[in-house]
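> Turn this into a structure:
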Amino acid sequence: MQDATAREPLPGDAATRLMIVEDEFVVACDLCDTLEQLGYSIVASVGTGEEAVEIARTARPSAILMDIRLAGEMDGVQAAARIRSESDIPIVFLSAHSSEDTLRRATETAPFGYLVKPFRAPELRCAIEVAIRRHRIEQAATEAHRREVAVELERAVTARTGELEAANQELEAFSYSVAHDLRAPLRGIAGFSEILLEDHAAELGADGLDHLLTVQRSARRMHVLIEDLLRLSRTSRADLERRPVDLSRIAHEVLGRLRAAEPHRSVTADVADDLVVAGDPGLLELVVENLLGNAWKFTSRRDAARIELGAIRQGDTRVCFVRDNGAGFDPAQVGRLFASFQRLHATSEFEGTGLGLAIVGRIVDRHGGRIWAEGAVDAGATFYFTF
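As a prediction, the model looks like this:
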C-alpha cells in the first residue's frame, strides 16, 4: 500500500513554501539563497515577530524558519507561540545560542525542529523535511482520530435514539392502556354519583351534596384527562394521511361549538378565508380545536374578547397563527408550553390538563412543521405553526 504522504509535495519541491523570520539582513539573504538552491519556494522574509504573526495568517506557508532572538517587543519564541495558537504551521527554530534556558523556552512552544547556527545546507534540509513530514503525520493522526470519534458518536446517538424510541413507545402504550382501562370505573363513578344526586339528595344534606358535587367535578376532570391522554397516544401512533385540509371551515365549526356551549359570552372571532394546508384531516382538526379552545378559555375574563386565525408569509413559507387578547403567559416560560402536563396557570384560574399544547406540538412535528409562541402576561398570546 502506498504511503499517503508520498502523494504530497516532497520537501525540496517548489510546492514547499517557506517563510523566513530573521532580523539580520545578511543572514536572511544567505538563508534565502541556500533554500532556493535546495529547491524550496520562499513566500516571505520578515525581520520582526509582529510581522511574522501577521504574514503567517495570510501566506499560510508550509513551514516557518524562526530566529529565536529578534529585535522588537516580540522575540521568536513569543511569535512562535502566537502563531501556533492560531494555526498548526510547523516551526523550526534557528539560534546562535544553545543555552539550557534558551532550549527550555523554545521547547515549551512545541517546535518541529531546532538548529544551532552555523549550520550546513544538508542539516537545514533535513530539519525542514522532518518538520513537514511530522506535521503531515500528526494531521493524518488527528483526522483519523476525528473520524473514529465521529463514528463512535454516531453509534452512541443511534443507540440512544433507539432506546428513547423504545421507551417512548412503551410509555405511549402504557398511557393508552391506563387511560382506556380507567374509562369503565370512571363511568361507574359518574353514573352512581348521578343516581345519588337524583334519588337521595334530600337524605345527603348540605355537606353531603357538596361532597357529591366535588366527586362529580373530579370525575369530569378525570374524564377530560383520559380523553387527552388517548388523543396524545393516537397522535403518535396513527398513520398520517395527507390531503388538502380547510382550516377555515374547521375553525368556524369549532367556534360554533364553543359559542353553543357558552352562549352568554361575547367573543369577536376573525377567521381568514380559504386557509387550506396539506395534512391529516383528523389530526389537523385537533390542532385547530386545541388552539382555538385555548384562546377561548384564556379570554374568558375579557369583556371584549378577540380571537383570530390567519396566516402570514415568511419568505417562501406560509405561517398560520392563532392570536388572542387573553391572559397571555410569561415569555420566560415559553419553553414549557409544548411539554406534557406543563401548566403556566393554576387550575383555580383556568381549567385544563396540560396536554392540549403537547398534542398540538406532536401533530405539527409529525407533519414536519414547526410551532412557536409569543406572548406576555395579561397581554394575549400568538401561536405560530407551519406544516
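> Do a quick rundown of the strands in the chain.
17-21, 41-46, 63-67, 91-95, 113-116, 243-246, 267-271, 276-279, 305-314, 317-324, 370-375, 381-386 (DSSP state E).
> Give the partner strands of the second one in its sheet and their orientations.
Paired neighbours of strand 41-46 in the sheet (DSSP bridges): strand 17-21 (parallel).
> From the chain's centroid, how far away is the partner strand?
In terms of Cα atoms, centre = their mean, to the nearest Å, the centre of strand 17-21 is found 43 Å from the chain centre.
> now that strand against strand 91-95, angle please.
40 degrees (axes from the mean of the first three to the mean of the last three Cα atoms, to 10 degrees).
> Strand 17-21 relative to strand 63-67, how many degrees between them?
Using the same axes, to 10 degrees: strand 17-21 against strand 63-67 is 10 degrees.
> and residue 42, what are its bridge partners?
With DSSP bridges as the rule, residue 42 is bridged to residue 18.
> residues in contact with it?
17-20, 32, 35-36 (Cβ atoms under 8 Å, 6 or more residues apart in numbering). Placement of C-beta: from N, CA and C, glycine included.
> Need the buried ones from these selected in PyMOL.
The buried subset of the contacts of residue 42, as determined by 16 or more other Cβ atoms under 10 Å, is captured in PyMOL by this line:
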select buried, resi 17+18+19+20+32+35
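> As a markdown table, the contacts of residue 42 with pLDDT and distance to residue 314 would be great.
Shown next, in a markdown table, are those (pLDDT from 0 to 100; distance: Cβ to Cβ, whole Å):
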| residue | pLDDT | distance to residue 314 |
| --- | --- | --- |
| 17 | 90 | 48 |
| 18 | 93 | 52 |
| 19 | 92 | 49 |
| 20 | 93 | 55 |
| 32 | 91 | 59 |
| 35 | 90 | 58 |
| 36 | 89 | 59 |
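> nearest to residue 134, of the contacts of residue 42?
residue 18 (15.6 Å; Cβ to Cβ).
> Show me what residue 92 bridges to in the sheet.
With DSSP bridges as the rule, residue 92 is bridged to residue 65, residue 113.
> That one against residue 112, yeah?
Yes. Under the criterion of Cβ atoms under 8 Å, residue 92 is in contact with residue 112, at a separation of 5.9 Å.
> Now for the two: what residues contact both?
With Cβ under 8 Å, 6+ apart, residue 92 and residue 112 have common neighbours 63, 131.
> Helices of the stretch 1-150 of the chain, start to end?
25-37, 49-59, 76-86, 100-107, 121-199 (DSSP state H, counting those that start in this stretch).
> Check which helices and strands the first one is in contact with.
With contacts defined as 3 or more Cβ pairs under 8 Å, 6 or more residues apart in numbering; DSSP states H and E, the secondary structure elements packing on helix 25-37 are strand 17-21, strand 41-46, strand 63-67, helix 121-199.
> buried set for it?
27-28, 31-32, 35.
> give me the beta-bridge partners of residue 246?
residue 276.
> need the contact list for it.
Per Cβ under 8 Å, 6+ apart, neighbours of residue 246: 274-276.
> could the contacts of residue 42 be laid out in CSV, adding distance to residue 335?
CSV is the format used below for the contacts of residue 42 (distance: Cβ to Cβ, whole Å):
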residue, distance to residue 335
17, 51
18, 54
19, 51
20, 56
32, 62
35, 60
36, 63
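> Closest to residue 188 out of the contacts of residue 42?
residue 17 (86.6 Å).
> re the thing from before, so which of the contacts of residue 246 wins on neighbours?
Counting neighbours by other Cβ atoms under 10 Å, residue 275 leads the contacts of residue 246 with 19 neighbours.
> and the nearest residue to residue 266 once chain neighbours are set aside, what does it touch?
Nearest non-adjacent residue to residue 266, counting by Cβ to Cβ, 6 or more residues apart in numbering: residue 305, 7.1 Å away. By Cβ under 8 Å, 6+ apart, residue 305 lies in contact with 265-268, 296, 299, 324-326.
> 10 Å - rerun?
By Cβ atoms under 10 Å, 6 or more residues apart in numbering, residue 305 lies in contact with 265-269, 295-296, 298-299, 324-326.
> which one among the contacts of residue 42 gets closest to residue 160?
Nearest member of those to residue 160, counting by Cβ to Cβ, is residue 17, at 45.6 Å.
> And residue 27, how far from residue 54?
Residue 27 sits 21 Å away from residue 54, going by Cβ to Cβ, to the nearest Å.
> one step back: just send the contacts of residue 305 back as JSON lines, with pLDDT and distance to residue 139 too.
Converted to JSON lines, the contacts of residue 305 look like this (pLDDT from 0 to 100; distance: Cβ to Cβ, whole Å):
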{"residue": "265", "pLDDT": "93", "distance to residue 139": "71"}
{"residue": "266", "pLDDT": "92", "distance to residue 139": "73"}
{"residue": "267", "pLDDT": "95", "distance to residue 139": "67"}
{"residue": "268", "pLDDT": "96", "distance to residue 139": "67"}
{"residue": "269", "pLDDT": "95", "distance to residue 139": "65"}
{"residue": "295", "pLDDT": "95", "distance to residue 139": "59"}
{"residue": "296", "pLDDT": "95", "distance to residue 139": "63"}
{"residue": "298", "pLDDT": "94", "distance to residue 139": "59"}
{"residue": "299", "pLDDT": "96", "distance to residue 139": "63"}
{"residue": "324", "pLDDT": "97", "distance to residue 139": "59"}
{"residue": "325", "pLDDT": "97", "distance to residue 139": "61"}
{"residue": "326", "pLDDT": "95", "distance to residue 139": "60"}
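> Can I have the buried ones of these as a ChimeraX selection?
Buried subset of the contacts of residue 305, written as a ChimeraX selection, criterion 16+ other Cβ under 10 Å:
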select :267,269,295,296,298,299,324,325,326
